[in-house]
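>>> Sequence and predicted structure are below.
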4 protein chains.
Amino acid sequence: MTTEPTPTLATALTWLGAARVIELGHRLEDGMPCSPSHPGFKMSLLRRHGDRVNAEGGSGANELIVTGGHVGTHVDALCHAASDGLMYDGVDAHSASVGGRFTVYGVETVAPFVSRAVLADIPALLGVGRLEPAFGITGRHLADALAGVTVNEGEVVLVRTGWPQLYDNPVAYVGTETGVPGITADAAVYLADLGVRAVCTDTIASDRLLPGRGHASLPAHKVLLVDRGVHIMEVLDFEELATTGAREMLFLALPLRITGATGSPIRPIALVGETR
Amino acid sequence: MTTEPTPTLATALTWLGAARVIELGHRLEDGMPCSPSHPGFKMSLLRRHGDRVNAEGGSGANELIVTGGHVGTHVDALCHAASDGLMYDGVDAHSASVGGRFTVYGVETVAPFVSRAVLADIPALLGVGRLEPAFGITGRHLADALAGVTVNEGEVVLVRTGWPQLYDNPVAYVGTETGVPGITADAAVYLADLGVRAVCTDTIASDRLLPGRGHASLPAHKVLLVDRGVHIMEVLDFEELATTGAREMLFLALPLRITGATGSPIRPIALVGETR
Amino acid sequence: MTTEPTPTLATALTWLGAARVIELGHRLEDGMPCSPSHPGFKMSLLRRHGDRVNAEGGSGANELIVTGGHVGTHVDALCHAASDGLMYDGVDAHSASVGGRFTVYGVETVAPFVSRAVLADIPALLGVGRLEPAFGITGRHLADALAGVTVNEGEVVLVRTGWPQLYDNPVAYVGTETGVPGITADAAVYLADLGVRAVCTDTIASDRLLPGRGHASLPAHKVLLVDRGVHIMEVLDFEELATTGAREMLFLALPLRITGATGSPIRPIALVGETR
Amino acid sequence: MTTEPTPTLATALTWLGAARVIELGHRLEDGMPCSPSHPGFKMSLLRRHGDRVNAEGGSGANELIVTGGHVGTHVDALCHAASDGLMYDGVDAHSASVGGRFTVYGVETVAPFVSRAVLADIPALLGVGRLEPAFGITGRHLADALAGVTVNEGEVVLVRTGWPQLYDNPVAYVGTETGVPGITADAAVYLADLGVRAVCTDTIASDRLLPGRGHASLPAHKVLLVDRGVHIMEVLDFEELATTGAREMLFLALPLRITGATGSPIRPIALVGETR
């Protein structure tokens, strides 16, 4: 019996260099789908080349950006949600934001995500292209979709619904009238019991949304953010990832450290490579 | 002689899990240092807990963010700079932004940074705590600081000046009157000749800034962005990294894919671990 | 024959004090109707009472506002529109905005509106509650609606459609699919020939909008802003005014002097009082 | 004895048309003086002519604006200030902003200002060009400056300090280190006792600011906004007005009706004409 040698940076780089990089999010641009609870996205070029040119002929272009912490592909900090005025671990939600930014559970406290992730492909499990509007994903669905795949504490689970197929139609994607598939409270408990650090979904709200009910009730948010301290990432896209057949991967996401904010835009990626 | 076995995800995860994660950037918040060319940073809580509570007692807090592509720790897309009206590879800078966003070299085209990086610690080389205002780093300085360290094509070089020691004093850090240390055109040529994909600095402008001259002249920007197609990252922080003695590391940065923008805020990190 | 005595401030104040003040615009708030060409309106309280309290127990609340020059009730500066690259009086539209703000015809050049205005009530003329979607108002309609009312050079004409009755339904009010009533090029020529300084309407675009065509074609804008140098005010509300039966009034609007902008939010009012 | 005839719109227009219009505010633009408590001003052209041209050759330019309710020349709504958690007339300041905007005393409740105003020219009284930094204006100063001028209930008093002479130097104008002249609590009581509806000043904070103390203590704000329900307007400019010698005038200001906001930018003007 031989001892596995300690891997080195060079070894890690070899694997990383050979892995396929897959984007798991959407671009940020005006007109993209946005929950009615949040500001949209605006980018305006403040200065274009030609506006000011220095003595050597040089010029710099730049922009003004208006956005929100939950606009586009993003992560929820734990301070995003409260139940009966309390956040995770019983922290008082009101006093935590006195001063105009959260002093507890702000997104600047969220460590980088550099971990193994596994994909729970629910449409593949059910043999459909994408889930129906308002379809509720249960713990049973997740257990079946993850059969044979280990999930370790601190890892990330990606829950695919196929909903990004509707991304170019913001009304359909946001689904205020028609509903959106998503995880139920039961699924949230199942995921939290696995000990994961974050649950990532490819919809606007992660929770299943019932037709015409909007975002009024988000029970999975309560389970994950308030009861169990598990982060949620939303508006991801697993369509390309699903085509690779990969069930486990390296997952990277680096939330911006916006002091006292409740969320941050992210650009999550998967690195898919040799697993055995 | 044995063949090195192909590394697996598990091997990579073992190295990553054992590595020390070091933040290489600053938090985003109101009042932080900002170049006069760019908007500052504002975050305002649109909704606090208690503003709206649903039937089950749940509430969500969120925010409105105003910022720029070059505010805080950020990466420059190639469309950020032009010389005599031309961007990298001779692309016309004016027509590329018609429509209100860049159609060429926008920051959404910048691939994730997942690569080896090396640290060129100039204060350590010179035996000082930090560089003097307006100190010009040359190619010679870089060669000396990187002596004995391989730099491969597509990698990243981190150039330390020690300037983040002044970060809490925005006037001193931005240095409009007093100047800021930075890379000269000569250093930029040296770095580009190494074939690196990006140059990261811990100052507001990467270029050396002369006292009272502001950002009027940025020759290293021209060399890197316009002449050679090398990205620049600014407003990083290598103070903690420098204390580790690490000269090579895994570098991660995931620019937001803001369609047509000239830059993006980033949260760069280093993973420092076993190298041999 | 007696000479009319020169009126004094006291006389003017007597009339003003006795006049009825009628709001001619809408409030600025999140969710209000907004043309797809423009950013919407966001106001977020940066600081609420209790966030910071000084030694004497005092506190100040304030806000961050994101808006546009053509959001809500507003006035168009002449630089807003161009035809074949030229603005009013043949000024080159491109070069006028080099630098990032207009150096010609910016809204800061628009003098205060303190003048007589007359109301052209088209629904009253036609005996309807409000005009049909895509109804085109002609010069003939205006002449009939203004029969018996003098219009002098430099004054303002208010053109009522009744459309504010739909204001609480932004989709209907903006009318992208269904169209919006408005002035035709013929009406614009009629108004410009009267020598008026501004034309005010109670719709999103002043121009008649055809169903499903959006804001692609705005011929009355071209006539008024580009050909004749007449300002346009949009998103006003003449419903209350119409109930008074007043056909002439004092009109006040004070555009913000935003240097180099193409429009400004305004709060126009009418003062209706003794006329003979 | 003859009866004064009831003035008509025509009479009022005659006076208005002959009056001289004097701007009492500053332009809104990037880089202008701004209190550190408030966001600055940014305007970025979202679309320039040429970005999109329709089939007939027409184009529209527009902008994105970021500002605050107390940025540039502005009016304070009564909800701006509280003392010991209470606003004017004992209204609870915390509960009034639950929901994310003020439901009591918001700036949308402020009626248009169309009234007589009088000028209290303190530098003229003291025979100086402008007041010294941190100079405290008392009730006595105001009484002397207004000697011989009637002030009626509901009118407006303009208090001149000469400070706009420093407007082009934002550091000096804001005066954080050096102080700013302004009204004391004693002056505020004097003005409130006159029954005025608003007090207008030509400084950043109306209150006298002591050197190095910033905006920590604003006793005149407390007297006017909290105790007496008198509006404050700030960052006005009476330099041109002072040169006319006019002591009474027609004053116009039309605050934007921003629902639930604590202030609004305004463009105040004076109409100076025949008074006897």
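Good, I have the coordinates.

>>> which residues in the stretch 51-200 of chain A form helices?
A:122-126, A:139-145, A:170-174, A:185-194 (DSSP state H, counting those that start in this stretch).

>>> buried sites along the third one?
Spelled out, it's helix A:170-174. A:172-174 (16 or more other CB atoms under 10 Å in any protein chain shown). The way it works is simple: take the backbone N, C-alpha and C, and place the C-beta from them, glycine included.

>>> one step back: tell me which of the helices of the stretch 51-200 of chain A sits most buried.
Highest mean neighbour count of the helices of the stretch 51-200 of chain A: helix A:185-194, a mean of 21 (counted as mean count of other CB atoms under 10 Å in any protein chain shown).

>>> Now for whichever residue of the stretch 51-200 of chain A sits closest to chain D, how many residues are close by?
Chain D sits closest to A:Leu64 of the stretch 51-200 of chain A, with a gap of 4.4 Å, by CB to the nearest CB. As a burial measure, A:Leu64 scores 26 neighbours (other CB atoms under 10 Å in any protein chain shown).

>>> Out of the helices of the stretch 51-200 of chain A, the one nearest D:Thr161 is which?
D:Thr161 lies closest to helix A:170-174 among these, at 52.0 Å (CB to CB).

>>> quick one, what contacts the residue of the stretch 51-200 of chain A closest to chain D?
Going by CB atoms under 8 Å, 6 or more residues apart in numbering or on different chains, A:Leu64 touches A:43-44, A:46, B:39, B:66, B:68, D:42, D:44, D:64, D:66.

>>> If you drop the residues flanking it in sequence, what lies closest to it?
With CB to CB, 6 or more residues apart in numbering or on different chains as the criterion, A:Leu64 has its nearest non-adjacent residue at 4.4 Å, and that residue is D:Ser44.

>>> Name the SS class of the one you found, please.
Judged by DSSP: H, G, I helix; E, B strand; the rest coil, the three-state class of D:Ser44 is strand.

>>> Can you verify my assumption that it contacts C:Gly100?
Yes - counting by CB atoms under 8 Å, D:Ser44 sits close enough to C:Gly100 to count as a contact (7.0 Å).

>>> Please identify every residue contacting each of those two.
A:Leu46.

>>> For the residue of the stretch 51-200 of chain A closest to chain D, give the beta-bridge partners.
Under DSSP bridges, the beta-bridge partners of A:Leu64 are A:Ser44.

>>> Just give the closest residue to whichever residue of the stretch 151-276 of chain A sits closest to chain D, not the sequence neighbours.
Minimum separation of the stretch 151-276 of chain A from chain D (CB to the nearest CB) falls at A:Thr262, amounting to 13.6 Å. Counting by CB to CB, 6+ apart, A:Thr262 lies nearest to A:His80, which is 4.1 Å off, once chain neighbours are set aside.

>>> Check the one you found and give its pLDDT.
Predicted confidence (pLDDT) for A:His80: 98.

>>> now it: how far from A:Tyr88?
According to CB to CB, to the nearest Å, A:His80 stands 10 Å off from A:Tyr88.

>>> on that earlier part again, mind putting the helices of the stretch 51-200 of chain A into TSV with mean pLDDT?
Listed next are those as TSV, based on pLDDT from 0 to 100:
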stretch	mean pLDDT
helix A:122-126	98
helix A:139-145	98
helix A:170-174	96
helix A:185-194	98
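
>>> I'd like these as CSV, with distance to B:Gly214 appended.
Formatted as CSV, those follow (distance: least, CB to CB, whole Å):
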stretch, distance to B:Gly214
helix A:122-126, 55
helix A:139-145, 56
helix A:170-174, 42
helix A:185-194, 52
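
>>> so which of the ones you listed comes closest to chain C?
That would be, of the helices of the stretch 51-200 of chain A and by CB to the nearest CB, helix A:170-174, which comes in at 10.8 Å.

>>> Need the residues that contact the closest one.
A:31-36, A:163-164, A:166-167, A:177-178, A:180, A:204.

>>> can we see that at 6 Å?
A:33, A:166-167, A:204 (CB atoms under 6 Å, 6 or more residues apart in numbering or on different chains).

>>> Could you measure from the residue in chain A sticking out farthest from the centre over to chain B?
Distance to the chain centre peaks in chain A at A:Ala55, reaching 45.7 Å (criterion: CA atoms, centre = their mean). A:Ala55 sits 7 Å away from chain B, going by CB to the nearest CB, to the nearest Å.

>>> Look up how far B:Val66 lies from the residue of the stretch 51-200 of chain A closest to chain D.
Taking CB to CB, one finds A:Leu64 at 7 Å from B:Val66.

>>> And A:Ala216, by the same measure?
For A:Ala216 relative to B:Val66 (CB to CB), the value is 29 Å.

>>> These two: who's more crowded?
Neighbour comparison, A:Ala216 and B:Val66: the larger count goes to B:Val66, with 26 against 13 (by other CB under 10 Å).

>>> I figured the more buried one was touching D:Gly68, is that so?
No - using CB atoms under 6 Å as the test, B:Val66 is too far from D:Gly68 to be in contact (10.7 Å).

>>> A:Ala82: how many residues sit nearby?
28.

>>> List the beta-bridge partners for it.
With DSSP bridges as the rule, A:Ala82 is bridged to B:Ser59.

>>> Could I get the contacting residues of the residue of chain A found nearest chain D?
Residue of chain A nearest chain D, by CB to the nearest CB: A:Ser44 (4.0 Å). Neighbouring residues of A:Ser44 by CB under 6 Å, 6+ apart: A:64, D:44, D:46, D:64.

>>> Redo those residues as JSON lines? Include pLDDT.
JSON lines is the format used below for the contacts of A:Ser44 (pLDDT from 0 to 100):
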{"residue": "A:Leu64", "pLDDT": "98"}
{"residue": "D:Ser44", "pLDDT": "98"}
{"residue": "D:Leu46", "pLDDT": "97"}
{"residue": "D:Leu64", "pLDDT": "98"}
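
>>> residue ranges with poor pLDDT in the stretch 151-276 of chain A?
Counting by pLDDT under 70, the stretch 151-276 of chain A shows no low-confidence range.

>>> Just give the number of residues close to A:Cys200.
Using other CB under 10 Å, A:Cys200 has 30 neighbouring residues.

>>> Show me what it is bridged to.
Taking DSSP bridges as the rule, A:Cys200 bridges to A:Leu158, A:Met233.

>>> for it, what are its contacts?
So A:Cys200 contacts A:158, A:233, A:236 (CB under 6 Å, 6+ apart).

>>> gap between it and chain B?
Distance, A:Cys200 to chain B, using CB to the nearest CB: 15 Å.

>>> got it, and A:Ile65?
Taking CB to the nearest CB as the measure, A:Ile65 and chain B are separated by 5 Å.

>>> I appreciate the help and will end here.
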